[in-house]
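> build me a model from this:
(one chain, ligands or ions: 4)
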Amino acid sequence: AEYDLVIQGGRVATTEGVSMMDVALQGGVIAALGRDLHGSRIIDATGKFVLPGGVDAHCHIEQLSGGGLMNADTFATATRSAAFGGTTTVISFAAQHRGDRLHEVVENYSRLAEAGAMTDYAFHLWISDPTSETLEQDLPRLIETGHRSIKIFMTYDRVRLLDEQILDVMMVAREHGALVCAHAENHGMIKWMADRLVSRGYVEPKFHGVSHPRVCEIEAFERLIRFSQLLDQPIMLFHVSTAEGASVIRRARGEGIKVFAETCPQYLFLTAHDLDRQGLEGAKWMCSPPPRTTSDQEALWRGLDLGDLQVVSSDHAPYRFDGSGKLAAGSNPDFKQIANGLPGLETRLPLLFDAMVSQGRSSLEKFVELTATAPARIYGLHPRKGAIAVGADADIAIWDPDREVTLADDGLHDNVGYNPFAGRKLKGWPETVLRRGETLVSDGRLHASPGSGRLQLRECSASMRPTGKLSPEFDPATNFGAQLL
Ligand code: DUC
Ligand code: ZN
Ligand code: ZN
Ligand code: ZN
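Ligands and ions are numbered 1, 2, ... in the order given. Predicted coordinates:
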């Protein structure tokens, strides 16, 4: 047979491991894997790694933040940046603000993505107004349409849910088959600490970190885990930042509670000291939760190794360092008035590749698992996304493992204007990036057009399904026959 395109001679990461083979593409999907495959077009991948395109399951794109500020990136600029960094699928947010009808929110974000996205994409349904219309009409319908993940916040005044509202949302997710993802930090402690710091004049960006005590994460993880246990509803804890947070998750998993967890490069590579700079400069490194310590970094790496944490996402939340973004509250803001978030769509994979593969902290297989295969599987994008396998979409990044790149503030393809990882020297970079067989990036140039990305509607994955182990209160046999499900 003569295929459309054959990628020849590379070291290919499949779900069976890494070996030398050819990858044949036909009609946008992977048609064959093996030796001596023939194509009308050939890409010579000798000396290169042929990996599945990255799946970034947590990014904020063209979105109104919890604080009411618009992101610096549109779908076009964010997904362009993603593509240059080897990522071919993103899951961003359809962000409901109070008063919004959820189905209209999804329609609006879908229109934006349809016009701008170059990578494929899906949405987490961000719920901040769990009215009866949301819970009984919009949410069930959207989940069954294929929007199989929900995002809730336990902090941020404008978007946070109360405990009983979280339980309501989790119950709908359970009934219809969706994963509930959470920004889990204790709201009261953060608010109290932040007010106390600011009233005493501690207003610089570095105090943002102090205002998010580590125990905020521990408490909120533990609380949400117990909700998950009560309802037997799987959850995903976003952006784990502390050693204790990782250990709470480990214990819960040991108890048989279905909890998944994510961390991000900012928690693996940055610390609280990165915010400690002259003037407002530290605002560039402000995110929530804040970067912690080097021993937390080690604990998070260990958690990833052991499988307590399964996914590394970017939490790309882009704001420029000017009046449109970080300095929107004026030129002399206190840390409470500065938007939280860092750009990371483009640097996620190269940072991890350098640490895990080039520096030998881990393996190529594990790198692929954390950044593509696991997020695809957990979020219901498998088998189309996240792996090089016959029948899967031909989303492929061809990496040059020897290319050395020094990150710089002006080196990225987003619309942010700075890079929180500037100055780092990395080895290994994706050279050629294909999405459904079409070239997104090659020779340092973009070949895709805005709007070429496609919405990925998802099935209920095994990860999203309850375990079947009901808490006693929900078991009619042990609770006076009460029917609570
Ligand atoms: N914190 C959030 O909660 N969301 C976006 C980015 C951030 O830093
Ligand atoms: Zn031939
Ligand atoms: Zn968050
Ligand atoms: Zn986020």
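
> now the end-to-end length of stretch 450-466.
38 Å (C-alpha to C-alpha, to the nearest Å).

> please list the residues of the stretch 151-300 of the chain that sit near ligand 1.
Near ligand 1, the residues belonging to the stretch 151-300 of the chain are 183, 287-288 when assessed by C-beta under 6 Å from any ligand atom. In this view, the C-beta of every residue, glycine as well, is placed from N, C-alpha and C.

> may I ask which of the residues you listed has the most neighbours?
With neighbours defined as other C-beta atoms under 10 Å, the most crowded of these is Cys287; it has 25 neighbours.

> look up how far His183 lies from that residue.
Distance of Cys287 to His183, given as C-beta to C-beta, to the nearest Å: 11 Å.

> and which of the residues of the stretch 151-300 of the chain next to ligand 1 is nearest Ser358?
Closest to Ser358 out of these is Cys287 (25.4 Å), distances taken as C-beta to C-beta.

> that closest one and Ala339 touch, don't they?
No: the criterion here is C-beta atoms under 8 Å, and Cys287 misses it with Ala339 at 9.6 Å.

> residue ranges of the helices in this structure, please?
75-84, 102-116, 132, 139-145, 163-176, 187-199, 206-210, 214-231, 243-254, 265-269, 294-306, 348-353, 364-368, 374-378 (DSSP state H).

> got the angle for the longest one vs helix 294-306?
Computed by axes from the mean of the first three to the mean of the last three C-alpha atoms, to 10 degrees, the angle separating helix 214-231 from helix 294-306 equals 30 degrees.

> list the buried residues for helix 214-231?
214, 216-225, 227-229, 231 (16 or more other C-beta atoms under 10 Å).

> on contacts alone, who are the packing partners of that helix?
Based on contacts counted as 3 or more C-beta pairs under 8 Å, 6 or more residues apart in numbering; DSSP states H and E, the elements that helix 214-231 packs against are helix 163-176, helix 187-199, strand 235-237, helix 243-254.

> what packs against the first one?
Using 3+ C-beta pairs under 8 Å, 6+ apart as the contact definition, the elements that helix 163-176 packs against are helix 139-145, strand 149-153, strand 179-183, helix 214-231.

> and these as TSV, adding distance to Gly468?
What follows is those, written out as TSV (distance: least, C-beta to C-beta, whole Å):
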stretch	distance to Gly468
helix 139-145	20
strand 149-153	21
strand 179-183	17
helix 214-231	12
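
> got TSV for those, with mean pLDDT too?
Rendered in TSV, the data for those read as follows (pLDDT from 0 to 100):
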stretch	mean pLDDT
helix 139-145	98
strand 149-153	98
strand 179-183	99
helix 214-231	98
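
> point me to the residue of the stretch 101-250 of the chain nearest ligand 1.
With C-beta to the nearest ligand atom as the measure, His183 is the residue of the stretch 101-250 of the chain nearest to ligand 1, at 4.9 Å.

> so what's Asp475 scoring on pLDDT?
The model reports Asp475 with a pLDDT of 87.

> residue contacts, it?
Contact partners of Asp475, counting by C-beta atoms under 8 Å, 6 or more residues apart in numbering, are absent.

> if you set the cut-off to 10 Å instead, what comes out?
With C-beta atoms under 10 Å, 6 or more residues apart in numbering as the criterion, the residues that contact Asp475 are 469, 482, 484-485.

> repeat that for Leu102.
When contacts are taken as C-beta under 10 Å, 6+ apart, Leu102 is in contact with 94, 96, 125-131, 133-135, 137-139, 141-142, 147.

> before we move on, what about Glu473?
Each residue near Glu473 by C-beta under 10 Å, 6+ apart is listed here: 230-231, 479, 482, 484.

> swap the cut-off to 6 Å and go again
Glu473 makes contact with Asn479, according to C-beta atoms under 6 Å, 6 or more residues apart in numbering.

> against ligand 1, how distant is it?
Between Glu473 and ligand 1 the distance is 32 Å, computed by C-beta to the nearest ligand atom, to the nearest Å.

> arrange the helices and strands packed on helix 214-231 in CSV, one row each, with distance to Gly411 and mean pLDDT as further columns.
Written out in CSV, the entries for those read as follows (distance: least, C-beta to C-beta, whole Å; pLDDT from 0 to 100):
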stretch, distance to Gly411, mean pLDDT
helix 163-176, 40, 98
helix 187-199, 34, 98
strand 235-237, 31, 99
helix 243-254, 32, 98
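
> hey, which of these is tucked in deepest?
Counting by mean count of other C-beta atoms under 10 Å, strand 235-237 has the highest mean neighbour count of the helices and strands packed on helix 214-231, with a mean of 27.

> list the buried residues of the top strand by length along the chain.
Longest strand in the chain, counting residues (DSSP state E): strand 2-14. Buried residues in strand 2-14, counted by 16+ other C-beta under 10 Å: 3-14.

> looking at it now, give me its mean pLDDT.
For strand 2-14, mean pLDDT is 97.

> which secondary structure elements does that strand contact?
Counting contacts by 3 or more C-beta pairs under 6 Å, 6 or more residues apart in numbering; DSSP states H and E, strand 2-14 is packed against strand 17-26, strand 38-44, strand 49-52.

> how much does the first one deviate in direction from strand 2-14?
Same thing as strand 17-26. Between strand 17-26 and strand 2-14, the angle formed by their directions is 160 degrees, by the same axes, to 10 degrees.

> could you dump the helices of the chain to a markdown table with distance to Trp429?
Converted to a markdown table, the helices of the chain look like this (distance: least, C-beta to C-beta, whole Å):
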| stretch | distance to Trp429 |
| --- | --- |
| helix 75-84 | 9 |
| helix 102-116 | 25 |
| helix 132 | 50 |
| helix 139-145 | 37 |
| helix 163-176 | 38 |
| helix 187-199 | 37 |
| helix 206-210 | 31 |
| helix 214-231 | 33 |
| helix 243-254 | 29 |
| helix 265-269 | 15 |
| helix 294-306 | 22 |
| helix 348-353 | 6 |
| helix 364-368 | 14 |
| helix 374-378 | 21 |
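
> Asp334 is nearest to which of those helices?
Short answer: helix 187-199, nearest of the helices of the chain by C-beta to C-beta, at 5.1 Å.

> now the closest one, how far from the centre of its chain.
Going by C-alpha atoms, centre = their mean, to the nearest Å, the spacing between the C-alpha centre of helix 187-199 and its chain's C-alpha centre is 28 Å.

> what's next to it, contact-wise?
Outside helix 187-199, the residues that reach it (C-beta under 6 Å, 6+ apart) are 155, 160, 207, 211-213, 216, 334, 336.
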